[in-house]
Structure formats: C-alpha cells, structure tokens
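**Q** when you get a sec, could you give me coordinates for this:
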Amino acid sequence: MVNVPAEHDATLLDRLRLQLVPGIGPRLLQLLLEHVGEATEILAASRQQLLAVPRIGPNVADAIARATSRAEAIAILDRCRANGVSLVERGTPAYSPLLSEIPDPPELLYVRGGFEEVDQVAVAIVGSRRCTRYGRRMAGLLAGGLARAGLTIVSGLARGIDGEAHRAALAAGGRTIAVLATGVNRIYPPEHAELADRVTRFGAVVTEARLDQGPLPGLFPQRNRIISGLSLGVVVIEAARRSGALHTARHAIEQGREVLAVPGPVDSLASQGCHDLLRDGATLVSCVDDVLAELGPLMNPLQVGSSPPIHVPRELSLEERERRILGLVGPDPRHLDELLRSSPLDDSTTLAVLTGLEIRRLVKRLPGSYMVRGG
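**A** Okay, here's the model as predicted:
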C-alpha cells in the first residue's frame with residue numbers, strides 16, 4: 001500500500017481515483033454510493049459486490065478494479081495545486097450548500113478561484129450560442145442588473161448568451177461562476193480563455209471533469225445540472241426548441257429551482273424554446289425586478305455587512321435604511337408603535353420606509369396595526 005503523505009487526505013485521493021474511472025457518470029456514481037458506500041469502499045469492493053449494484057455491468061466493474069493508483073492520484077493532486085486548482089469535496093464547508101441539495105451532486109469539483117457565502121444567492125443565465133443582438137442586450141441588462149443587486153451570476157462560459165452574462169456581471173463589479181464541461185486546463189471555447197481568467201479573479205471556474213478533459217458532446221448536458229444546482233433559479237434567454245439551455249431548465253425543474261424565461265418576437269425561431277417554457281408555466285422575465293420577485297426564501301439567511309440578515313433575494317436591492325427597518329420586522333407580529341420606538345429613524349421616515357416595504361410585499365400589515373414579514 002502506498003503511504004499517503006501528511007499533506008494529502010486519503011479520502012480525497014480515493015474520491016479523485018473514483019472520479020477518474022471511465023464510464024462512471026453522475027447517476028452510476030450515486031447508485032454506487034447508495035449500494036456500496038463511500039469512494040474507499042467502492043474501490044475496495046469485489047467484482048461480485050459491484051455487479052450486484054443496479055446498472056453496473058462487467059465493463060464498469062472491471063474499470064473500477066483498474067482504477068488509478070493512489071500514487072498516480074497524488075501526482076494529479078500535486079499538479080492541480082501547482083496550477084492553482086482546488087479540489088472541493090462534497091460535504092466540506094467549501095462546497096456549495098445549494099449544489100449539495102440536488103439528486104446527483106458531484107463528489108468532487110475542480111475549482112479555480114473560489115466560492116463565497118454570497119454565492120448562495122445565485123441566478124443562472126443561459127441561452128443560445130447563436131444569439132441575436134436582442135438576446136445579447138437582454139443578457140447584459142439582466143446579468144448586470146442582478147449583479148449590481150448583489151446576486152452571483154452562474155453560466156456555462158459558452159459563446160453567445162453565456163459569455164455575455166459573465167461579461168456583464170464582471171462589468172457591474174459583481175461575482176460570476178463559470179461551469180465547464182471540459183477540464184480547467186482545457187477552456188472551451190478556447191477564445192474564452194481570457195474571460196475565464198477574469199471570472200477566476202471575481203468568482204470561480206468550476207468543473208467535475210478531469211484536469212485535461214477536452215470537449216465531448218455528452219459532457220455538456222451533464223454539466224448543465226451543476227449550473228442549475230448552483231442557482232436559486234434559471235433564466236433562459238433565446239433558446240431554440242433543441243437548445244442545450246432547455247436541458248438546464250429541465251434540470252432546474254427536477255431540482256425544485258425556479259425557471260424563468262425572456263420572451264422574444266413571436267415569430268423568432270431563436271426564442272421558440274423560451275415561448276414553450278412560458279406556455280408551460282415558466283415565469284416571464286422582462287426586467288431585474290421580475291427575477292428578484294420570483295426567487296423564494298434562502299436556505300439560510302445571509303449576512304451582508306453590518307445590516308440585518310437577508311431572507312429573500314429581493315432584499316439585496318434595498319437601501320441600507322430599508323434593510324434596517326425590515327430587520328425590525330420578524331415572522332411574529334409586532335405592533336406599529338413598538339416598531340416606531342425601536343427604529344433608529346424618526347417616525348415619519350420609518351412610516352414611509354414601512355409603506356415602501358409593504359408595497360414591495362416584504363412586510364404585511366395585519367389588523368390592529370401589527371406588522372409581520374411578507375417574504
């Protein structure tokens with residue numbers, strides 16, 4: 001047995017070895033985890049044990065038996081670290097809480113850059129690679145506006161809508177996450193290598209693909225579940241009926257995430273997929289406020305600076321004084337007089353702020369002059 005140096009974790013190495021086994025996709029991996037155990041147990045399992053797992057055939061069982069050695073995994077891990085790439089394991093603090101909730105989360109992510117707590121308030125913007133000028137304009141308006149509101153923009157670094165969304169988020173001074181279908185050492189498309197470097201400085205470039213994995217058609221639909229999994233909702237802009245963006249929307253539905261779509265001209269082939277989504281119940285998006293209004297409460301309240309915690313994404317667009325007054329209103333009713341006494345502002349300003357929050361449905365007025373959070 002290879003001695004594992006102190007700086008290398010044996011569990012991480014075994015997860016890496018399993019991730020490198022050819023033929024094991026997200027669904028097969030989940031079956032192995034459910035029926036056999038963690039990566040170390042899977043790698044140590046007998047051929048008979050592996051063949052007893054549903055959908056695991058002789059080829060996959062034999063491939064697991066031939067898995068990369070720990071010594072080889074150590075060399076790969078050292079190479080990742082030399083290239084500024086982190087390996088983020090599911091179940092660790094660095095792993096996205098949103099992503100951990102999907103049915104088939106990646107066990108291991110290659111990350112250049114890093115996740116931050118604010119990335120829990122993220123929205124995916126996806127669409128056609130062959131977008132029109134209208135699509136580019138809407139992607140820029142929405143991504144830029146949402147980034148300025150404090151949301152992280154997630155997309156796939158592809159040509160067209162994806163690239164426009166990343167650029168607009170960066171131009172607005174916001175955070176953005178690019179999810180690749182290739183390895184972090186094989187940026188695709190290659191002309192987006194510089195954009196990927198910029199994303200790394202103000203967000204993260206993320207993939208479950210091995211370090212040097214090139215583009216393969218089957219990897220793109222697979223990575224789309226990560227785009228939606230990292231997000232509270234998915235906004236689709238200009239998707240034809242066979243667009244990969246619709247795969248992302250379907251993953252979002254399966255994951256219980258919001259699906260939103262931007263309408264195009266009624267006779268536009270580029271927007272037929274969006275129109276189908278709207279017909280089937282997706283939320284129509286024409287501006288940033290439409291997105292903020294649709295996103296539900298966060299899994300965990302988010303602390304932003306010294307203001308009271310954020311409970312729903314649309315609170316991010318509030319001014320500082322609005323957040324402070326909203327922070328006085330809780331899930332349990334409080335009388336208006338009590339709120340006025342607690343407020344750091346004068347009575348007339350506090351009443352004006354409360355009225356504005358009520359119009360935005362962030363607070364509700366109950367009989368007897370009681371106020372409660374709307375959410």
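**Q** which parts of stretch 91-103 are buried?
**A** Residues of stretch 91-103 classed as buried: 95-96, 98-99, 102 (neighbour count, 16 or more other CB atoms under 10 Å). For every residue, glycine as well, the C-beta is placed using N, CA and C.
**Q** I meant to write stretch 317-328 there.
**A** Those would be 317-318, 322-328, for stretch 317-328 by 16+ other CB under 10 Å.
**Q** make TSV out of those and add secondary structure.
**A** Formatted as TSV, those follow (DSSP: H, G, I helix; E, B strand; the rest coil):
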residue	secondary structure
Ser317	helix
Leu318	coil
Glu322	helix
Arg323	helix
Arg324	helix
Ile325	helix
Leu326	helix
Gly327	helix
Leu328	helix
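**Q** make a markdown table out of those and add distance to Gln303 and pLDDT.
**A** Below are the buried residues of stretch 317-328 laid out as a markdown table (distance: CB to CB, whole Å; pLDDT from 0 to 100):
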| residue | distance to Gln303 | pLDDT |
| --- | --- | --- |
| Ser317 | 17 | 75 |
| Leu318 | 15 | 82 |
| Glu322 | 17 | 90 |
| Arg323 | 11 | 86 |
| Arg324 | 14 | 88 |
| Ile325 | 17 | 92 |
| Leu326 | 14 | 91 |
| Gly327 | 11 | 88 |
| Leu328 | 17 | 92 |
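**Q** show me which of these is closest to Val266.
**A** Ser317 (30.8 Å; CB to CB).
**Q** residue contacts, the closest one?
**A** Applying CB atoms under 8 Å, 6 or more residues apart in numbering to Ser317 gives the contacts 149-150, 288-289, 292.
**Q** distance check, it against Ala45.
**A** According to CB to CB, to the nearest Å, Ser317 stands 51 Å off from Ala45.
**Q** do Leu195 as well
**A** Using CB to CB, Leu195 is found at 42 Å from Ala45.
**Q** could you do Arg365 as well?
**A** On the measure of CB to CB, Arg365 and Ala45 end up 61 Å apart.
**Q** more neighbours: those two, which one.
**A** Each of Arg365 and Ala45 has its neighbours counted (other CB atoms under 10 Å); Ala45 has more, 20 against 15.
**Q** what sits against the more buried one?
**A** Contacts here follow CB under 8 Å, 6+ apart; on that basis Ala45 touches 36, 64.
**Q** tell me which element Ala261 is part of?
**A** strand 258-262 (DSSP states H and E).
**Q** residues of the helix or strand hosting Leu146 that come out buried?
**A** For Leu146, the host element (DSSP H and E) is helix 133-148. Judged by neighbour count (16+ other CB under 10 Å), helix 133-148 contains these buried residues: 134-136, 138-148.
**Q** off-centre distance for it?
**A** Centroid displacement of helix 133-148 relative to its chain, using CA atoms, centre = their mean, to the nearest Å, is 18 Å.
**Q** what packs against it?
**A** Applying 3 or more CB pairs under 8 Å, 6 or more residues apart in numbering; DSSP states H and E, one finds that helix 133-148 contacts strand 122-127, strand 152-155, helix 161-171, strand 233-237, helix 288-294.
**Q** repeat the analysis, applying 6 Å as the threshold.
**A** Identification of packing neighbours for helix 133-148 by 3 or more CB pairs under 6 Å, 6 or more residues apart in numbering; DSSP states H and E yields helix 161-171, strand 233-237.
**Q** out of these, which is the most enclosed?
**A** Ranked by average neighbour count under the criterion mean count of other CB atoms under 10 Å, these are headed by strand 233-237 at a mean of 29.
**Q** specify the angle between it and strand 258-262 in degrees.
**A** Angle, strand 233-237 to strand 258-262, by axes from the mean of the first three to the mean of the last three CA atoms, to 10 degrees: 20 degrees.
**Q** residue contacts, the residue nearest to the spatial centre of the chain?
**A** Nearest to the geometric centre of the chain sits Leu230, at 1.6 Å (CA atoms, centre = their mean). By CB atoms under 6 Å, 6 or more residues apart in numbering, the contact list for Leu230 reads 96, 98-99, 122, 154.
**Q** one more: His311?
**A** For His311, the contacting residues are 297, 301, by CB under 6 Å, 6+ apart.
**Q** distance of it from Leu211?
**A** Where Leu211 is concerned, His311 sits at a distance of 39 Å (CB to CB).
**Q** then Ala249?
**A** Using CB to CB, we find Ala249 at a distance of 30 Å from Leu211.
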